[in-house]
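1. Build the 3D model from these lines:
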Amino acid sequence: MTAVLYPGSFDPIHNGHVEIVETAARLFDRVVVAAMRNPQKGEPLFSLEERQVLIEESLAHLANVEVTMFSSLVVDLARDVGANFIVKGLRAVSDFESELQMAQMNRSISGVDTLFIPSASKNSFLASKLIRDIARFGGNVETMVPGPVADRLKQRFGGTP
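-> Alright, predicted model coming up:
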């Protein structure tokens, strides 16, 4: 059985993330999606617990996907959940540069390889930070995020999700 780990901040999860998980779920027996607190990204919009619920609701249609939270090294979590690989999504060349360095570091310290899954062009512009900003100022993000996330953003900020 091949298991993969898809780590990220997912604040909030958006349709680009869902696309990557759906692709991984078709390719591998088990996918573990892990939300983390990334101190480099500033104060989160949603707590880890809220993100876990939103991710679970957004991925409920995928039977071979599990959701967890973590605050350790990704490679330690990969070992703990029995992941054979780490999966990362790529939107643009700029993502590749930073993700490649992280993949090489992870392999160096643990031997765990990272597999890159490119997003479809219809989702390649999506970024959680931009979605948070649009929602905060009352913009409509319904086509960019799963329904549960749109609902939660509407509750958080009011107005159009």
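2. for this protein, which spans come out with low pLDDT?
-> Residues of the chain that meet the criterion pLDDT under 70 lie in 41, 159-161.
3. and stretch 82-102, how far apart are its ends?
-> End-to-end span of stretch 82-102 (Cα to Cα, to the nearest Å): 20 Å.
4. Next up, the contacts around the residue lying closest to Phe125 once chain neighbours are set aside.
-> The shortest distance from Phe125 to any non-neighbouring residue, by Cβ to Cβ, 6 or more residues apart in numbering, is to Arg91 (7.4 Å). Using the backbone N, CA and C atoms, a C-beta is placed for each residue, glycine as well. By Cβ atoms under 8 Å, 6 or more residues apart in numbering, the contact set of Arg91 is Gly16, Pro118, Ser119, Asn123, Ser124, Phe125, Leu126, Ala127.
5. Please, where are all the helices along this structure?
-> Secondary structure of the chain, counting by DSSP state H: helices at 15-27, 48-58, 74-81, 93-110, 128-136, 147-157.
6. before we move on, back to that, so how do I select the buried members of the contacts of Arg91 in PyMOL?
-> Buried residues among the contacts of Arg91 (16 or more other Cβ atoms under 10 Å), as a PyMOL selection:
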select buried, resi 16+119+123+124+126
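7. now for the contacts of Arg91, which pair is the farthest apart?
-> Spanning the widest gap among the contacts of Arg91 are Pro118 and Ala127, at 15.4 Å by Cβ to Cβ.
8. so which of the helices of the chain gets nearest Ala3?
-> Nearest to Ala3 among those is helix 74-81; the distance by Cβ to Cβ comes to 6.8 Å.
9. So which bits of the closest one are buried?
-> Residues Val74, Val75, Leu77, Ala78, Val81 are the ones in helix 74-81 that count as buried (16+ other Cβ under 10 Å).
10. List of residues touching it?
-> 3, 5, 7, 32, 34, 36, 66, 68, 70, 83, 85-86, 106, 109-110, 112.
11. List buried members of those residues by neighbour count.
-> Buried members of the contacts of helix 74-81, scored by 16+ other Cβ under 10 Å, are 3, 5, 7, 32, 34, 36, 68, 70, 83, 85-86, 106, 112.
12. Which of those fall in strands?
-> Per DSSP state E, strands hold the following members of those: Ala3, Leu5, Pro7, Val32, Ala34, Met36, Thr68, Phe70, Phe85, Ile86.
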